[in-house]
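Participant: how does the following fold in three dimensions:
(one chain, ligands or ions: 1)
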Amino acid sequence: VTPREFGVGLIGAGWMGSLHAQAYRRVRDHYPELELVPRLIAVADVDQARAEAARAHGFEESTTDPLAVIEDPRIEAVSIAATNDVHVDLIRAAAAAGKHIWVEKPVGRFPVETAAAAAAIEAAGVISTVGFNYRQVPLVVHAASLVRNGDLGPVRNYRGRFFVDYASNPARAFSWRFSRDVAGLGSLGDIMSHVVDQAHQMVGRIVAVCADQVIQIGERPVAEGATQFAVAAEGAPLREVENEDYAVAMIRFENGARGVLEVCRTMVGRHCDLGFELHGTEGALGWSFQRMNELQLYLPPVADQDVGYRTVFAGPQHGDHGRFEPDTGVGIGYSQLKVSEANAFLAAIASGEQRSPGIAEALAGAGVIDAMLRSAASGSWEDVTPLKAG
Ligand SMILES: NC(=O)c1ccc[n+]([C@@H]2O[C@H](COP(=O)([O-])OP(=O)(O)OC[C@H]3O[C@@H](n4cnc5c(N)ncnc54)[C@H](O)[C@@H]3O)[C@@H](O)[C@H]2O)c1
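Facilitator: Model (predicted):
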């Protein structure tokens, strides 16, 4: 097949927007067989300076109007990397215009919004990719295949976590992530969405939860236009934090495995510790994003000596590692996961076949988070009732 030019647009030129743009530019360096050659046509951000600055990524045009990107007939696919409050409206508009959609997580501010987005995408029949980029980690792909192949025996226990410290300092400014209007949920949307998705990838469907949540730092100093990394000036006025810092849930999987999922954005000393501990009847696994290129693997010893976990280093035999580095122990990084994600998105469009994680996986995750919210309110175990698109 002769590769063809493929117009893409970006909405939201912050941290994630920059990674989407870089991924479009780099994707054919690493996936040269890709039939679609991304052409970066237009970028939109309501912040004009950000929109203009993003042209450095190679966009031909910039605008402050996201609908101008969606309606541009040269653009066949849009990346939605704006704040969570505008995801659903932009998805509706893009789907109605027949554009394929690569949207950042959480898709909706609340589960009900993710369901509305799913309905729009399903009705339009466009391809969707959701930014659960940790699915692309080569050693996570490998770990999931060890589990699926039965190498560890049936899974009995799973502990998933995401501990970050971006909000651990009370002087960190009130950014959009602390607002129910803009972010919606707090840690349950921002980081539990990844943890639930990873549990689904590693073990399977979660069917019941018993959850708790709490705001640990009740107010934060205000700084105009603050990002999640900004520290406010001393004496700045305080604003009440509107969504949870911490959440935890005991869980039951459909296959009978039991576990715990725990997330916290105020965890002193844990910078970006997404990870899991998984135990089967024959073996076990442990992994953290902070050591993304290392997997802890326990298999029964052949003799009585040398008992214990061993470290597996990422190499070209794992997932898409070889797309980036030819050797074992030569690690890859976060932004390369977005390049793999861009490939998954564009290859799905080229073939017309939806891949995971798309909107269906986001909807499944939102159903689990919906049950966690019900459980935290009722104080009891709650069944996960799969959400219907709509
Ligand atoms: N996949 C991941 O691991 C990951 C990591 C970080 C953030 N995210 C998600 O990515 C999204 C963006 O987060 P971020 O950290 O890049 O935020 P950010 O604050 O760096 O950038 C958000 C940008 O969106 C712009 N914006 C807001 N409303 C807009 C609108 N109506 N039209 C166009 N632009 C608009 C803002 O001006 C800002 O430039 C969020 O949904 C977030 O949850 C995902």
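Participant: point out the residues in this structure that sit beside the ligand.
Facilitator: Contact residues (CB under 6 Å from any ligand atom) of the chain with the ligand: 11-17, 44-47, 50, 66, 81-84, 86, 104-105, 131, 133, 190, 227. No exception for glycine: its C-beta is placed from N, CA and C like everyone else's.
Participant: do you know how far the nearest residue to G225 once chain neighbours are set aside is from S62?
Facilitator: Nearest residue to G225, sequence neighbours excluded (CB to CB, 6 or more residues apart in numbering): D47, at 7.8 Å. With distances taken as CB to CB, to the nearest Å, D47 is found 11 Å from S62.
Participant: who has more neighbours, those two?
Facilitator: Ranked by neighbour count (other CB atoms under 10 Å), D47 and S62 place S62 first, with 21 against 14.
Participant: which SS class is the closest residue to the ligand within the stretch 201-350 of the chain?
Facilitator: Of all residues in the stretch 201-350 of the chain, the one sitting closest to the ligand is T227 (5.5 Å; CB to the nearest ligand atom). Following DSSP: H, G, I helix; E, B strand; the rest coil, T227 is assigned to coil.
Participant: quick one: residues contacting it.
Facilitator: The contact partners of T227, by CB atoms under 8 Å, 6 or more residues apart in numbering, come to 14-15, 175.
Participant: so which of the residues you listed is the most crowded?
Facilitator: Highest neighbour count within the contacts of T227, by other CB under 10 Å: S175, with 21 neighbours.
Participant: from R50, how far off is that residue?
Facilitator: S175 sits 15 Å away from R50 when distances are taken as CB to CB.
Participant: I'd say N169 and A232 touch.
Facilitator: No - under the criterion of CB atoms under 8 Å, N169 is not in contact with A232, lying 10.3 Å apart.
Participant: for these two, indicate the residue with more neighbours.
Facilitator: Higher neighbour count among N169 and A232: A232, with 20 against 13, using other CB under 10 Å.
Participant: now the more buried one: closest residue in space that isn't a chain neighbour?
Facilitator: Closest to A232 by CB to CB, 6+ apart is P221, at 3.4 Å.
Participant: for beta bridges, what are the partners of the one you found?
Facilitator: For P221, the beta-bridge assignment (DSSP bridges) gives partners L238.
Participant: what distance do you get for it to A364?
Facilitator: Here P221 is placed at a distance of 38 Å from A364 (CB to CB).
Participant: same check on Y158?
Facilitator: 16 Å.
Participant: now do F178
Facilitator: Per CB to CB, F178 is found 27 Å from A364.
Participant: quick revisit: out of Y158 and A364, which sits in the more crowded spot?
Facilitator: With neighbours defined as other CB under 10 Å, Y158 and A364 compare such that Y158 has more, 25 against 21.
Participant: secondary structure element for that one?
Facilitator: Element membership for Y158 (DSSP states H and E) is strand 155-164.
Participant: the helices in the stretch 51-200 of the chain, which residues?
Facilitator: Using DSSP state H, counting those that start in this stretch, the helices of the stretch 51-200 of the chain run over residues 66-71, 87-96, 111-124, 138-148, 187-190, 192-202.
Participant: need those helices in CSV with mean neighbour count and mean pLDDT, can you?
Facilitator: Shown next, in CSV, are those (neighbours: other CB atoms under 10 Å; pLDDT from 0 to 100):
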stretch, mean neighbour count, mean pLDDT
helix 66-71, 20, 98
helix 87-96, 22, 98
helix 111-124, 22, 98
helix 138-148, 20, 98
helix 187-190, 27, 98
helix 192-202, 25, 98
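Participant: out of those helices, which gets nearest to R239?
Facilitator: Across the helices of the stretch 51-200 of the chain, R239 has its closest neighbour in helix 187-190 (17.9 Å, CB to CB).
Participant: for this structure, which helix is longest?
Facilitator: helix 359-378 (DSSP state H).
Participant: SS state for the closest residue to G58 other than its chain neighbours?
Facilitator: Leaving aside its sequence neighbours, G58 sits nearest to L40 (CB to CB, 6+ apart; 4.6 Å). Under the three-state scheme (three-state DSSP), L40 adopts strand.
Participant: then the one 10 residues further on?
Facilitator: Using three-state DSSP, the secondary structure recorded for R50 is helix.
Participant: contact partners for it?
Facilitator: Neighbours of R50 in contact, by CB under 8 Å, 6+ apart: 13-14.
Participant: what is the burial count for G17?
Facilitator: Neighbour count of G17, defined by other CB under 10 Å: 24.
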